[in-house]
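*Asks:* Okay, sequence plus prediction incoming.
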Amino acid sequence: MKIMKMEQGQSTVEYIILVAAVLAALLFFLKPGSGPFSTAFNSVLADSTNQMNVMSGRLRDSH
């Protein structure tokens, strides 16, 4: 019985460590205003906005 309880305890600790690592990674990548994910997202958003402005200007000029 003690062996089973020890294995369960180890898996619980491993699970807690895994969840903590995932949360740390999310906080690093999704931190508002900085981090590689935010930088990439802001770049894509800026490019998309620019392209929409270009297309609206072309449509406005064509009529």
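*Replies:* Received the coordinates, thanks.

*Asks:* Domain map for the chain?
*Replies:* 1-30, 33-63 (automatic domain parsing).

*Asks:* What mean pLDDT does the longest one get?
*Replies:* In this case it means domain 33-63. Domain 33-63 shows a mean pLDDT of 86.

*Asks:* could the domains of the chain go into TSV alongside mean neighbour count?
*Replies:* Yep, even glycine has a C-beta here, placed from its N, CA and C like the rest. Shown next, in TSV, are those (neighbours: other Cβ atoms under 10 Å):
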stretch	mean neighbour count
domain 1-30	10
domain 33-63	10
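
*Asks:* Which helix or which strand is home to residue 11?
*Replies:* According to DSSP states H and E, residue 11 maps onto helix 2-30.

*Asks:* Apologies, that question was intended for residue 43.
*Replies:* Going by DSSP H and E, residue 43 is part of helix 36-62.

*Asks:* That helix: how far from the chain's middle?
*Replies:* Offset of helix 36-62 from its chain centre (Cα atoms, centre = their mean, to the nearest Å): 21 Å.

*Asks:* Repeat that for stretch 24-42.
*Replies:* Chain-centre distance of stretch 24-42: 6 Å, with Cα atoms, centre = their mean.

*Asks:* sorry, back to before: which secondary structure elements does the helix holding residue 43 sit against?
*Replies:* In terms of contacts (3 or more Cβ pairs under 8 Å, 6 or more residues apart in numbering; DSSP states H and E), helix 36-62 is packed against helix 2-30.

*Asks:* what mean pLDDT does the helix it packs on have?
*Replies:* So the average pLDDT for helix 2-30 ends up being 76.

*Asks:* Please give me every residue in contact with the residue most central in space within the chain.
*Replies:* Taking Cα atoms, centre = their mean, the centroid of the chain lies closest to residue 30, which sits 4.7 Å from it. By Cβ atoms under 8 Å, 6 or more residues apart in numbering, the contact set of residue 30 is 37-38.

*Asks:* For the remainder of this discussion, apply numbering that starts at 33.
*Replies:* In the new numbering, first residue 33, that becomes residue 62.
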